[in-house]
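# okay, structure incoming, though there's no sequence with it:
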Ligand code: CA
């Protein structure tokens, strides 16, 4: 990547030497008539993060960014002009047949030894980065009561148990009025089940149900119906209350206190990085996401994988156009086939709604300089770094193998976050260009801005400013190591992210492609 380092003069970034467009860096864009250091003159006013043509591009010629074709010129494009959505004809979605497998897998990367983090060891072998009381639910009907209970737990019980980081209600819209055995209903059901197994909940949540719902507790956790280590059940159904709302509250508070006593005895202990599960995501992306924040995550992801951790990337519609770049990084043919199967399933799912992956890009993405989903996808997959892909899991499934894992989820921020939590994520990292206050109650969320301008406007929401890479202040390598150490500090509870400090939490949102009744 070429950086031009004078802060006030017109600057652009070229990602790949084959590119015939570059991205404008300056905060307020570039005015028509101004010259870049290379001698290129802007012939339009070009906003920050938008593309400038580096040469004359004839009608129908390819427009190249990241060394890949992001479209064909819809009209002739003059050197120095602003290249935007209506100048580009988007390529067809690439076929899922005859894709390369394994040819970009390099020899095993050298392992990084000696790194640990301080976590809470669970009986099932997983490790929490936080020590949370989780209360999961079988149906939306219980949500109102649960909110009252949680409020009382926070006020009356938590102050007595200082080693417990908080209480989380796993509420959702599923359970009642669903076609429980319908095709694809296994996705929301296994998501609810696996959310309750998240390592940050110590593996033993309470479960609250109503009683008459389609989703019964044994479909989530059969063990909740038996007695736990204290001789009590972890399951309570509201329809069993003999004294109304007040009785429900007292019964659940009593169950919660027993769990809090056990959770409070837990202490952080040094753990190998193999017990860290990092979920990566982007939201509110702009053209810089693929130049600064996502490559930064990619560098840190390679370090984490080499140190033995599991790192997930997701968002099917944002990898679909880069499928060949990913199948060629799958460790073997079986993993590549699993990737193609997930993408094909998603193509079908979108086709049922008479749409395709191009529905992904948002008005904010376009205002941020991303002309189409091809350009967005090429920037999005930069998060995955360069390590080989060691596994692919479906939506709502739990991770099985360590290393770099593709977790096939929708790109919707909270659905992706929910599914990564179900997969076993205990640390989340989220890149943003346009800005979002996104956060999750079940795992710390590290927020990385793609631009310094955003980090300066939102100093109490953005944890890491990757804009320093475009400014030439830091290299990706230097910031990548800093991010790696920050992950370990956050995982160990030595650092609290802004979303945690402010307690900014999005809802859990299930992915339910099955019918409701
Ligand atoms: Ca997203």
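Structure's in. What do you need? Everything numeric in this text was worked out from a predicted model, so none of it was measured.
# only C-alpha atoms from now on, for both contacts and neighbour counts.
Fine.
# can you list the strands that the strand or helix carrying residue 22 pairs with?
Here residue 22 sits within strand 21-24, counting by DSSP states H and E. Sheet pairing for strand 21-24, assigned by DSSP bridges, gives strand 12-13 (antiparallel), strand 51-53 (antiparallel).
# format those as a markdown table; extra columns: distance to the ion and mean neighbour count.
As requested, those are exported to a markdown table (distance: least, C-alpha to the ion, whole Å; neighbours: other C-alpha atoms under 10 Å):
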| stretch | distance to the ion | mean neighbour count |
| --- | --- | --- |
| strand 12-13 | 24 | 24 |
| strand 51-53 | 23 | 27 |
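# mean pLDDT and distance to residue 447 added to these, as JSON lines?
Formatted as JSON lines, those follow (pLDDT from 0 to 100; distance: least, C-alpha to C-alpha, whole Å):
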{"stretch": "strand 12-13", "mean pLDDT": "90", "distance to residue 447": "23"}
{"stretch": "strand 51-53", "mean pLDDT": "96", "distance to residue 447": "25"}
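# just give me the neighbour total for the residue in the stretch 151-300 of the chain that the ion sits nearest to.
Residue nearest to the ion within the stretch 151-300 of the chain (C-alpha to the ion): residue 283, separated by 4.2 Å. Other residues within reach of residue 283, judged by other C-alpha atoms under 10 Å, total 20.
# any idea how far it is from residue 158?
Per C-alpha to C-alpha, to the nearest Å, residue 283 is found 33 Å from residue 158.
# what is the burial count for the residue lying closest to residue 394 once chain neighbours are set aside?
Once flanking residues are discounted, residue 394 sits nearest to residue 408: 5.2 Å by C-alpha to C-alpha, 6 or more residues apart in numbering. By the measure other C-alpha under 10 Å, the count of residues near residue 408 is 26.
# residues contacting residue 408?
By C-alpha atoms under 8 Å, 6 or more residues apart in numbering, the contact set of residue 408 is 314-316, 342-343, 392-395.
# sorry, back to before: pLDDT averaged over the strand holding residue 22 - what is it?
Strand 21-24 shows a mean pLDDT of 94.
# could you list the buried residues of it?
Under the neighbour-count criterion of 16 or more other C-alpha atoms under 10 Å, strand 21-24 has 21-24 buried.
# closest to the ion among those?
Of all those, the ion sits closest to residue 23, with 22.1 Å by C-alpha to the ion.
# ok, what's across the strand from the closest one?
What pairs with residue 23, by the bridge criterion (DSSP bridges), is residue 13, residue 51.
# in this structure it contacts residue 54, no?
No: using C-alpha atoms under 8 Å, residue 23 makes no contact with residue 54, being 10.0 Å away.
# surely residue 312 is in a helix?
No: using DSSP: H, G, I helix; E, B strand; the rest coil, the assignment for residue 312 is strand, not a helix.
# show me the contacts for it.
Applying C-alpha under 8 Å, 6+ apart, the residues contacting residue 312 are 277-280, 404-407, 420.
# among these, who's most crowded?
residue 420 (33 neighbours).
# OK, contacts around residue 90?
Contact analysis of residue 90 by C-alpha under 8 Å, 6+ apart lists 70-72, 372, 374.
# all helices in the chain, in order from the N-terminus.
Listed in chain order, the helices of the chain (DSSP state H) span 143-152, 186-195, 217-220, 244-264, 293-306, 323-327, 333-352, 363-367, 373-380, 413-423, 452-457, 467-470, 476-491, 498-502.
# distance of residue 482 from the ion?
To the ion, residue 482 is 24 Å away according to C-alpha to the ion, to the nearest Å.
# with residue 400 instead?
From residue 400 to the ion the distance is 23 Å (C-alpha to the ion).
# thanks a lot, see you next time.
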